[in-house]
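Q: Provide a 3D model corresponding to the input given below.
(2 chains)
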Amino acid sequence: MTEENLIEVRDVKKMFGAYLAVDNLSMDVRRGEIVVLLGQTGAGKSTVLNLIMGTTCPDSGRIRVAGFDPFASFKALKGRLSVSFQTDRLLPWRTAVENVELGLLILGKSRSQARARAKEWLARVRLDGADDKYVHELSGGMRQRVSLARALAIDPEIVFLDESFSQLDHVTSKALRRDFLQIAREFQKTCLLITHRIDDALEMADRALVLSSPAKVALEVRISDEARSNPRKIADLHAQIASAMGGEAPAEH
Amino acid sequence: MSIAVDSGRTSGAEDPAAAAGLVKPLAVAIEARRNPEARRDIVATCIVVVLLLAAMEITSRFVPDYIMPSPVAVWNAARELFFSDPYHVAVTLVRLTISVAIAMVTGVLIGLAMGMFPSVRPYLKAIVVIDTGIPALSWMLIAVFWFKNPESRIFFILLVILLPFYALNVYEGVRALPKELVDMIESFRPSRWQVLRYLILPHIVAYIFLTTKSVIGYAIRMVIFAELVASAVGIGARMNLAQSTFRIDHVLAWTFFLVILNLLLQAFVNGLEKISLKWRAEATVR
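A: You can find the predicted model right below:
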């Protein structure tokens, strides 16, 4: 594993019974890079995420995250990575600030330290004033912001986003993507985003990996800021990615 | 059918009673003021009570006192017992509280062990299921053989009878944990203790309250029955005395106290539940 690669996946295979979910997948994510993993529903994106997070064991191949085998050395990665999921997954009995505190308390921070950091992160995701609101008192977008704050508050080296913006309306999703991108760049986070939405990739990624089914990298594209500011280039990239994903581009919101 | 979410809480500014600084009444009464359905329930209960009292009064005119005393005679007996026998009420209440608390703690621990440790689950489950199949009367007779001390007998009887309710409900609570939340907390790589503290225990609080509300009435009946066969003090023992001295007015007065005790305990647990589960949005099906 090179010093630069924070995530390294080599020839990984995963089967569920007779179903091949991941087929000799190889990919890397470099420190500070934002990589988007794109694929149609059922392409095995979430399985790949579970393998990288260490919650699923590969049948063959090798995975290293920050130098550790994430499955065998599960606890060694405590505090070094975090996830924001498709749904907010907030604990309903905790207020917004208490939800953000969760990861910090698990890492062993004192209650006062955790509270101060949680408030700071809530402000960063534009939720100051919502500290003491319970989950049912928050809108969908606010909940997802709390979920993002919870993932970022522990100051992880790697942030995984599993379709985190896909259940929000267009306006909220765009605002949240913009805020996340700003935070990720400011704190130089290494990010792996899972999505089926090409627009998310074109807006956020340094690099997009398109998965075919079973999960295998079918296309890798670099997306520079220069390309992002050129509508023609963006349209070309969109077409390339859509084609690699199976012909038709999924409907964007 | 639509489901409306109602937080069930109002601020002091919206609540004239709270704004005036009045002491909050019982949870049931608060609910009744806010919820017309609860008010209808209370009115219906009052009507049924009045009808029962009327039936008692009419029957008492045609049968001897030792069969059916009049409501006035029962009321007088209740007043007499209220001033003469508070000690027995207190003893029963203490026994009830301690027994339910011990059964709750033991049942919750067993339920958690069933939910969290697959290796011991089948054994604990077998013990609990066998326990549920043993009649309460068998446990009472066994307690008389096994224990000399009346207190030990009563605590033992209530423990073995109530424990399975807590154990099975808590086990179901652990099983009902949303997998999404388990995956979320696991992503932080917590210790087993942290999973218990931050996820499982808060989640099962609702199940503990549900069980407590379900078993209170049953627990009262069991403690009275246990006192009747195994003790010289407590409401059960006093009811035994009333039966042997043909004081049916006392039996009915004690019964009246037991109904009130049940209502008060239910209101107390409901109040605690409202405080503990204030985070929960209550759904109302219209």
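
Q: Contact residues of chain A facing chain B?
A: A:53, A:55, A:74-75, A:77-79, A:81-83, A:85, A:87, A:89, A:91-95, A:102-103, A:105-107, A:134-137, A:154 (C-beta under 8 Å from any C-beta of the partner chain). In this view, the C-beta of every residue, glycine as well, is placed from N, C-alpha and C.

Q: In helices, which of these fall?
A: Judged by DSSP state H, the subset of the residues of chain A next to chain B located in helices is A:53, A:102-103, A:105-106.

Q: Go through the residues you listed and name the one nearest residue A:10.
A: residue A:53 (16.8 Å; C-beta to C-beta).

Q: Going by contacts, tell me the helices and strands next to the helix or strand that contains residue B:224.
A: Per DSSP states H and E: residue B:224 is located in helix B:201-230. Identification of packing neighbours for helix B:201-230 by 3 or more C-beta pairs under 8 Å, 6 or more residues apart in numbering or on different chains; DSSP states H and E yields helix B:86-116, helix B:136-146, helix B:150-175, helix B:235-244, helix B:248-276.

Q: switch to 6 Å and redo it
A: Here helix B:201-230 touches helix B:86-116, helix B:150-175, helix B:235-244, helix B:248-276, going by 3 or more C-beta pairs under 6 Å, 6 or more residues apart in numbering or on different chains; DSSP states H and E.

Q: Mean neighbour count, distance to chain A and mean pLDDT for the ones you listed - can I get that in JSON lines?
A: As requested, the helices and strands packed on helix B:201-230 are arranged in JSON lines below (neighbours: other C-beta atoms under 10 Å in any protein chain shown; distance: least, C-beta to the nearest C-beta, whole Å; pLDDT from 0 to 100):
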{"stretch": "helix B:86-116", "mean neighbour count": "19", "distance to chain A": "17", "mean pLDDT": "94"}
{"stretch": "helix B:150-175", "mean neighbour count": "21", "distance to chain A": "13", "mean pLDDT": "94"}
{"stretch": "helix B:235-244", "mean neighbour count": "20", "distance to chain A": "37", "mean pLDDT": "93"}
{"stretch": "helix B:248-276", "mean neighbour count": "17", "distance to chain A": "9", "mean pLDDT": "92"}
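
Q: remind me which residues of the stretch 151-253 of chain A are low pLDDT?
A: A:247-253 (pLDDT under 70).

Q: If we use 80, what do you get?
A: Within the stretch 151-253 of chain A, the set of residues satisfying pLDDT under 80 comprises A:167, A:246-253.

Q: Where do the strands of it begin and end?
A: A:158-162, A:190-195, A:207-212, A:216-222 (DSSP state E, counting those that start in this stretch).

Q: Including mean neighbour count, could the ones you listed go into TSV?
A: Formatted as TSV, those follow (neighbours: other C-beta atoms under 10 Å in any protein chain shown):
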stretch	mean neighbour count
strand A:158-162	24
strand A:190-195	25
strand A:207-212	23
strand A:216-222	16
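
Q: how about those strands, which one is nearest residue B:217?
A: strand A:158-162 (47.1 Å).

Q: and the closest one, how far from the chain's centre?
A: Chain-centre distance of strand A:158-162: 3 Å, with C-alpha atoms, centre = their mean, to the nearest Å.

Q: packing partners for that strand?
A: strand A:81-84, strand A:190-195.

Q: got the angle between that strand and strand A:190-195?
A: 10 degrees (axes from the mean of the first three to the mean of the last three C-alpha atoms, to 10 degrees).

Q: Kindly format the C-alpha coordinates of strand A:158-162 as CSV.
A: What follows is strand A:158-162, C-alpha atoms only, in CSV (Å, rounded to 0.1, in the frame of the first residue of the first chain):
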residue,chain,number,x,y,z
ILE,A,158,-12.2,9.0,5.9
VAL,A,159,-15.9,9.9,5.4
PHE,A,160,-18.3,7.5,3.7
LEU,A,161,-21.5,8.9,2.3
ASP,A,162,-23.9,6.2,1.3
